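*Asks:* fold the following for me, if possible:
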Amino acid sequence: MAAPRPPPARVSGIMVPAPIQDLEALRALTALFKEQRNRETAPRTIFQRVLDILKKSSHVVELACRDPAQVDNLASSLQLITECFRCLRNACIECSLNQNSIRNLDTIGVAVDLILLFRELRVEQEALLTAFRCGLQFLGNVASRNEDSQSVVWMHAFPELFLSCLNHSDKKIVAYSSMILFTSLNSVRMKDLEENLNIAIDVIAAHQRQPESEWPFLIITDHFLKNPELVQAMYAKMSNQERVTLLDLMIAKVASEEPLTKDDISVFLSHAELVANTFIDQCKMVLKLTSEQHTDDEEALATIRLLDVLCEMTANTDLLSYLQVFPGLLEGVIDLLRLIHVAGNDTTSIFSTNHCIKAEGEVSNMAEGFRSHLIRLIGNLCYKNKDNQDKVSELDGIPLILDSCSIDNSNPFLTQWVVYAIRNLTEDNSQNQDLIAKMEEQGLADTSLLKKMGFEVEKRGDKLILKPTSDTPQL
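*Replies:* Coordinates of the predicted model:
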């Protein structure tokens, strides 16, 4: 005959089953802790009883890990573990008193050890996943807005738990472990990440796989992008796909409607140095792209994204002046534009004239988009900067820009950046104005093209004057 159930005890006048020994009692507690008043009046002894059940069930899991024959006996233990975690998770919601009580019992260490054991089990998948998810939710809740609990979670969980969870096939496990990481990170712990770059890179990969998940995104934008040393170290070790993901988030941050703060500007100047140096070193990778293999050359695709970042950074007035004088950047962009013109004679290149005319979709967009952004970047770097305007002229960049528009004058996206660049090159620069006017007289600049772009050449005595027309550019 089963032993009679002990009479219920009270939590501040509310009936609760006690002692907590079985699944039914745990479920009752879990339900009670949904209410704030019950969380705030819970005695510490309740959490000791929950911990005792968790430890006992953990012992069963340990045995199953050592002896696969014991796996058949795990079903009831996994149910108890799941309900223990749910109970503790609910108890921690907006209740620092319970967080502290649970932490001081060393429940966090027991929970982390148990979660790490889950990796070794070969049991019914859904029951194990449910226990796994609830355990991570508990760790997230016990650490929420509680620095002491965050320190203990970090001490037990870093780095092994994150290495185990961020690459997990289950989306919720990735999300919950990301929540724990986000909650626990601070400036001191960022140093730990710099020494364990695989975890930081796993966060990037998690965002790449699950862009809709909030926590990896917040870790990257609120922590990683504020640490240029970490970003630089990560970039050197990431795959090119992961680099594209990180660069996309840089673009989103710079191009956001919310302006960069003073602190953001300081950090993004360091990011600008990394992006500019990397682009200068690797920009010629795009010349490897052909119509047959363009989707496979991830290094070239990462270089394309570097150019996109530079365009957005130079569209920000606080970052522009730094990049306008960046050594070798303007020269490298003009040189690459020249090489792309040469590549136009190679019928296998995506930059060839024939290829751009015949290709559809992604290939053509990639070629013309890259050319357009090179010209956009030149225009940005020359904005109200006479030294750079003159430098473009000295490097014969103006004919290159005008020729780019003649390659496909039906492309409004390309034409608009040519117009923009020419305007910035000629603003308050009579030397460049004279150069384009003479090119038109010599037949080197198409009069109809200039007119389409909103310019015309007027002869005044012995001088040729380039001036804007009254008509808007025909984009």
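*Asks:* helices along the stretch 201-350 of the chain, start to end?
*Replies:* All helices of the stretch 201-350 of the chain, identified by DSSP state H, counting those that start in this stretch, fall at 214-222, 228-237, 240-254, 262-282, 298-314, 317-324, 329-343.
*Asks:* show me what counts as buried in the fifth one.
*Replies:* Read it as helix 298-314. Neighbour-count burial for helix 298-314 flags 300-314 (criterion: 16 or more other C-beta atoms under 10 Å). Bear in mind the C-beta positions are built from the backbone N, C-alpha and C, glycine included.
*Asks:* can you check the first one too?
*Replies:* Across helix 214-222, burial judged by 16+ other C-beta under 10 Å covers W215, P216, F217, L218, I219, I220, T221.
*Asks:* which helices and strands sit right next to it?
*Replies:* Secondary structure elements in contact with helix 214-222, counted by 3 or more C-beta pairs under 8 Å, 6 or more residues apart in numbering; DSSP states H and E, are helix 171-184, helix 197-209, helix 240-254.
*Asks:* now do the same end-to-end measure for stretch 372-392.
*Replies:* By C-alpha to C-alpha, to the nearest Å, the extent of stretch 372-392 from end to end equals 16 Å.
*Asks:* just give the nearest non-adjacent residue to L117, would you?
*Replies:* With C-beta to C-beta, 6 or more residues apart in numbering as the criterion, L117 has its nearest non-adjacent residue at 5.2 Å, and that residue is V61.
*Asks:* S76 is in contact with that neighbour, correct?
*Replies:* No: contact between V61 and S76 fails when scored by C-beta atoms under 8 Å: they sit 11.8 Å apart.
*Asks:* could you check which of the two is surrounded by more residues?
*Replies:* It is V61, of V61 and S76, that has more neighbours when counted by other C-beta atoms under 10 Å, with 24 against 12.
*Asks:* want to try CSV for the buried residues of helix 214-222, with distance to D248 and pLDDT as columns?
*Replies:* What follows is the buried residues of helix 214-222, written out as CSV (distance: C-beta to C-beta, whole Å; pLDDT from 0 to 100):
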residue, distance to D248, pLDDT
W215, 17, 97
P216, 13, 97
F217, 11, 97
L218, 15, 97
I219, 15, 98
I220, 10, 97
T221, 11, 95
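*Asks:* which one of these is nearest to R243?
*Replies:* When these are compared for distance to R243 (C-beta to C-beta), I220 comes out closest, at 12.8 Å.
*Asks:* nearest residue to L323 other than its sequence neighbours?
*Replies:* Here the nearest residue to L323 in space, its sequence neighbours aside, is T314; by C-beta to C-beta, 6+ apart that works out to 5.3 Å.
*Asks:* OK, contacts around that neighbour?
*Replies:* Counting by C-beta atoms under 8 Å, 6 or more residues apart in numbering, T314 touches L320, L323, Q324, L377, N380, L381.
*Asks:* okay, now the last one: neighbour count?
*Replies:* Right, the one you point to is L381. Neighbour count of L381, defined by other C-beta under 10 Å: 25.
*Asks:* that one reaches V333, doesn't it?
*Replies:* Yes: between L381 and V333 a contact is recorded at 7.5 Å, counting by C-beta under 8 Å.
*Asks:* joint contacts of these two?
*Replies:* By C-beta under 8 Å, 6+ apart, no residue touches both L381 and V333.
*Asks:* picking up where we left off before, measure the residue nearest to L323 to I93 for me?
*Replies:* Applying C-beta to C-beta, to the nearest Å, the value for T314 to I93 is 46 Å.
*Asks:* A302 now?
*Replies:* Going from A302 to I93 by C-beta to C-beta gives 42 Å.
*Asks:* repeat that for L306.
*Replies:* According to C-beta to C-beta, L306 and I93 sit 44 Å apart.
*Asks:* just L193 next, same as before
*Replies:* L193 sits at a distance of 28 Å from I93 (criterion: C-beta to C-beta).
*Asks:* same question, V418
*Replies:* V418 is 58 Å from I93, where distance means C-beta to C-beta.
*Asks:* residue contacts, R209?
*Replies:* V174.
*Asks:* which helices and strands sit right next to the helix of greatest length in the chain?
*Replies:* In the chain, with assignment by DSSP state H, the single longest helix is helix 44-66. In terms of contacts (3+ C-beta pairs under 8 Å, 6+ apart), helix 44-66 is packed against helix 23-32, helix 75-91, helix 96-104, helix 107-117.
*Asks:* show me what contacts N424?
*Replies:* G379, N380, C382, Y383, K384, Q389.
*Asks:* most widely separated two among these?
*Replies:* The most distant members of those, if one measures by C-beta to C-beta, are N380 and Q389, lying 12.2 Å apart.
*Asks:* what about R37, how many residues nearby?
*Replies:* Neighbour count of R37, defined by other C-beta under 10 Å: 12.
*Asks:* looking at L193 and I93, which has the bigger crowd around it?
*Replies:* L193 (25 against 15).
*Asks:* how near is that one to P159?
*Replies:* Applying C-beta to C-beta, the value for L193 to P159 is 9 Å.
*Asks:* who touches both of these two?
*Replies:* By C-beta under 8 Å, 6+ apart, L193 and P159 have these common neighbours: I199.
*Asks:* residue contacts, C382?
*Replies:* N388, Q389, V392, A421, N424, L425.
*Asks:* mind showing which ranges of this protein have poor pLDDT?
*Replies:* Scanning the chain for pLDDT under 70 picks out the ranges 1-21, 124, 290-296, 344-368, 405-413, 439-475.
*Asks:* okay, now the domains of it?
*Replies:* By the assignment in automatic domain parsing, the chain contains the domains 1-147, 239-425.
*Asks:* which residues are in contact with L269?
*Replies:* L319, Y322.
*Asks:* what about E94, which SS state?
*Replies:* What DSSP: H, G, I helix; E, B strand; the rest coil gives for E94 is coil.
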